[in-house]
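Student: Provided below for reference: sequence and predicted model.
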Amino acid sequence: MAKFKSFLFGFIFVGSIALNIFFLTNNIYAGYVNKQQLSWSQRAAAEAEAVASVSCSGHGTTYLDGLFLDGKPVCECNSCYGGPYCSHFLPDCVANADSGDPLFLEPFWMQHAESSAVLVAGWHRMSYSFADQSIMSQVLQNHILKVHSIARNAITKGKYLVFGAGSTQLLSAAVFALSLNSSSLKRVVAASPYYPVYRTQTDFFETAHFEFQGDALLMKRTSNSTGNVIEFVTSPNNPDGLLRKAVLQGSSVNAIYDHAYYWPHFTAIPAPADEDVMIFTISKLTGHAGSRFGWALVKDKDVYLNMLEYIQLAELGISRDTQLRALQLLKVVLEGDGREIFHFAYEKMRDRWEKISQIVSLSKRFTIQDIPPQYCNFFEKVRGPSPGDTQVSFLLMKLRLSIRQFLKCKQKSCYLNPLID
Ligand SMILES: Cc1ncc(COP(=O)(O)O)c(C=O)c1O
């Protein structure tokens, strides 16, 4: 018996030493392999991390392509902050309520620094086309379709995808595509209040095929014919956040649905959108306005081909570097159950809306729009408002003036100070 016991102890002792040696060498080997695997990318990774490690007091950022002073990256400060490390609050700064940058999502991406970083090899996709001779990454297309199916904001089945340099370019491409084969002039309209780029861009690129003709509501009220019309429909609308449908109907009316904000962060999603031409953008989905990437979902094959031709002629397709970046971002969006970004962004936007509503409610002169809660298919419950960036500026301008004040305004040059009654 004693012999058996000492044999057992000996066996366990030797076994545990063998296991320790196995795990130790394995760990060393794993570390060695990792080091071996990273060779040419190490310098780029170290450089990116060195730049990102400079603190700008939480009120600014350093960039790889920003300015350097004495070999150190210079902080680029957010508005209202200054100084070398953005630590000085500028009390007299003016809040620009007329436009917005989707920087509210920056903290989300910092929380996902590891998974969202992308390293671009010097020889990355140097060709004009992908291996299948296309100008659009098939993998990116698949990811876009997955994001829509999680957000439940668009029917993608039976639709063609076109990439653009942001939705701005696709809005223009859609006008060209819908008017290209028309024998008579297409009248481009949008219901007031509308995103002003529809007018400026259409005016700028006007051809013999189309011209901007103003307010769709006015056209509906005053014109006998609503034929040969292209209507921009922004849903939810910039600047009032309301979900919209086309004002004009008819066989020769085409609608371009700008769904830049049709994501659960900005609006309830009552049902997936299923329009003929729908345009989306990562500027508002992930907040990467600087990457300039958007896409259109198009039902009609000819319209799709015309849009594709526009993009081909304008720039031989969207930068492959941008497509790679967009792909990496969407991979992060799809991590886990793919819902994290929507929760994060909704809560941020809702909190901001509540704050601004409270501030404006203190004023007797300014009113803020009342956006009623609505059932959302994504959150599967009734949810409160969290509208996107530019709505606030419009709402702040909705002054309630008495007739006396209004007349006084017209007589003299009018100075409106919301703090003075
Ligand atoms: C309604 C609407 N459509 C399109 C855009 C432009 O988006 P992108 O950055 O994709 O060009 C904006 C930008 O603010 C917008 O508000």
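Tutor: Yep, it's here.

Student: C-alpha only now, for contacts and for neighbours.
Tutor: Noted.

Student: So what does Cys77 look like in phi/psi?
Tutor: Backbone torsions for Cys77, taken as degrees, to the nearest 10, come to phi -90, psi 150.

Student: Run through the stretch 301-421 of the chain and note the low-pLDDT ranges.
Tutor: For the stretch 301-421 of the chain, residues meeting the criterion pLDDT under 70 lie at 389-421.

Student: residue boundaries of the strands in it?
Tutor: Along the stretch 301-421 of the chain, counting by DSSP state E, counting those that start in this stretch, strands occupy 374-376, 381-383.

Student: closest to Lys245 out of the ones you listed?
Tutor: strand 374-376 (16.6 Å; Cα to Cα).

Student: other SSEs contacting the closest one?
Tutor: Here strand 374-376 touches strand 381-383, going by 3 or more Cα pairs under 8 Å, 6 or more residues apart in numbering; DSSP states H and E.

Student: The strand it packs on pairs with which strands?
Tutor: strand 374-376 (antiparallel) (DSSP bridges).

Student: Could you tell me how far the strand it pairs with lies from the centre of the chain?
Tutor: Centroid displacement of strand 374-376 relative to its chain, using Cα atoms, centre = their mean, to the nearest Å, is 21 Å.

Student: Of the strands of the stretch 301-421 of the chain, which is nearest Leu69?
Tutor: For the strands of the stretch 301-421 of the chain, the distance to Leu69 is smallest for strand 381-383, at 48.0 Å, taking Cα to Cα.

Student: got the buried residues for the closest one?
Tutor: Using 16 or more other Cα atoms under 10 Å as the test for burial, strand 381-383 gives Arg383.

Student: Might you enumerate the residues of this structure proximal to the ligand?
Tutor: For the chain, the contact set with the ligand under Cα under 6 Å from any ligand atom comprises 166-168, 195, 234, 238, 258, 260, 281, 283, 289, 294.

Student: Give me the subset of those lying in helices.
Tutor: If you go by DSSP state H, the residues of the chain next to the ligand have 166-168, 283 in helices.

Student: possible to save the strands of the stretch 301-421 of the chain as TSV with distance to Ala151?
Tutor: Formatted as TSV, these follow (distance: least, Cα to Cα, whole Å):
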stretch	distance to Ala151
strand 374-376	10
strand 381-383	14
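
Student: coming back round to it: are any of the ones in helices among the residues of the chain next to the ligand buried, and if so which?
Tutor: Buried by 16+ other Cα under 10 Å: 166-168, 283, out of those.

Student: Pipe these into a markdown table and attach distance to Asp302 and pLDDT per row.
Tutor: Below are these laid out as a markdown table (distance: Cα to Cα, whole Å; pLDDT from 0 to 100):
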| residue | distance to Asp302 | pLDDT |
| --- | --- | --- |
| Gly166 | 22 | 97 |
| Ser167 | 20 | 98 |
| Thr168 | 21 | 97 |
| Ser283 | 27 | 97 |
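
Student: Spatially, which two of those are the most separated?
Tutor: Thr168 and Ser283 (10.4 Å).

Student: Dump the C-alpha coordinates for stretch 191-207 into CSV.
Tutor: C-alpha atoms of stretch 191-207 as CSV (Å, rounded to 0.1, in the frame of the first residue of the first chain):
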residue,chain,number,x,y,z
ALA,A,191,-41.1,70.4,-49.0
SER,A,192,-40.2,73.3,-46.7
PRO,A,193,-38.4,73.4,-44.4
TYR,A,194,-35.8,71.4,-46.2
TYR,A,195,-32.0,70.7,-46.0
PRO,A,196,-30.6,73.6,-48.1
VAL,A,197,-28.0,71.5,-49.9
TYR,A,198,-30.9,70.1,-52.1
ARG,A,199,-31.3,73.6,-53.6
THR,A,200,-27.6,74.7,-53.7
GLN,A,201,-26.4,71.4,-55.2
THR,A,202,-29.1,71.1,-57.8
ASP,A,203,-28.6,74.8,-58.9
PHE,A,204,-24.9,74.3,-59.1
PHE,A,205,-25.0,71.1,-61.2
GLU,A,206,-28.1,72.2,-63.2
THR,A,207,-28.3,70.7,-66.7
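
Student: Tell me the buried residues in that stretch?
Tutor: Within stretch 191-207, the residues scored as buried using 16+ other Cα under 10 Å are 191, 194-195, 198-199, 202.
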